[in-house]
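Asker: Provided below for reference: sequence and predicted model.
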Amino acid sequence: MIEVFLLAFALSMDAFAVSIGLGVKTKKFDKFLALKIGLFFGFFQGFMPLIGYLASVGVGSFIETIDHWIAFFLLTLIGGKMLYESFEESTEEEIKIVTNKVLLILAIATSIDAMAAGFTLSLLKLNPYLSMIIIALVTFVFSIVGNYIGIKGGGFLEDKAEKIGGVVLILIGLKILIEQTLL
């Protein structure tokens, strides 16, 4: 069960980083906006892994002998991408006003990785529906907290959150690979 919380933590770091950036941008805490940010990011981060899981179930018997390698590759790729993006300038710089459309685009963009990570749920032997709820709730909380931190001047944490999330995803991928090949 610890794996689902580590996965939720790692996947939520993208949303956390973007939420910090949005907080830096808005400069004033708005409870309604923070709640919207949490709901948008939480919903998509929670829903996308379910799509990935269902896709893995559909092709599971065809790739059973190499599924651990695919999971390792996907999580390492996602983690590496998060690490790489942590060194780039944030996309929030270009946003003029935080609208529902902007939140929708950001929520989908930050949750695409979660769809690929959902592929690993069956290898981690996790209940996909419970995992989806935990990932959504963790992301919801991190998004609201991230927004508040950004408003209070914590923009320097933005890239660190993505780095930590990337490393955790790579470590989960390594864990799957080691467990499936050595045990």
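Answerer: Okay, I see it.
Asker: now do the same contact list for residue 144.
Answerer: By C-beta atoms under 8 Å, 6 or more residues apart in numbering, the contact list for residue 144 reads 19, 34, 35, 37, 38. Using the backbone N, CA and C atoms, a C-beta is placed for each residue, glycine as well.
Asker: give me the element the third one is part of.
Answerer: Under the assignment given by DSSP states H and E, the secondary-structure element containing residue 35 is helix 31-63.
Asker: can you spell out which helices and strands pack onto that helix?
Answerer: Identification of packing neighbours for helix 31-63 by 3 or more C-beta pairs under 8 Å, 6 or more residues apart in numbering; DSSP states H and E yields helix 2-26, helix 67-85, helix 100-118, helix 128-151.
Asker: before we move on, the earlier item: among the contacts of residue 144, which ones are buried?
Answerer: Using 16 or more other C-beta atoms under 10 Å as the burial test, the contacts of residue 144 include 19, 34, 37, 38 as buried.
Asker: tell me how far the third one lies from residue 26.
Answerer: Just to be clear, that refers to residue 37. In this structure, residue 37 and residue 26 are 10 Å apart, going by C-beta to C-beta, to the nearest Å.
Asker: any residues in contact with both of the two?
Answerer: With C-beta under 8 Å, 6+ apart as the test, residue 37 and residue 26 both reach 98, 147.
Asker: show me the shaky parts of this structure.
Answerer: Within the chain, the ranges that satisfy pLDDT under 70 run 60-61, 89-96, 183.
Asker: ok so, going back, so for residue 158, which of the helices and strands packed on helix 31-63 sits nearest?
Answerer: helix 2-26 (4.5 Å; C-beta to C-beta).
Asker: chain center to that closest one: distance?
Answerer: Remark: helix 2-26 is offset 6 Å from the chain centroid, using C-alpha atoms, centre = their mean, to the nearest Å.
Asker: what's that helix packed up against?
Answerer: With contacts defined as 3+ C-beta pairs under 8 Å, 6+ apart, the packing partners of helix 2-26 are helix 31-63, helix 67-85, helix 100-118, helix 128-151, helix 158-182.
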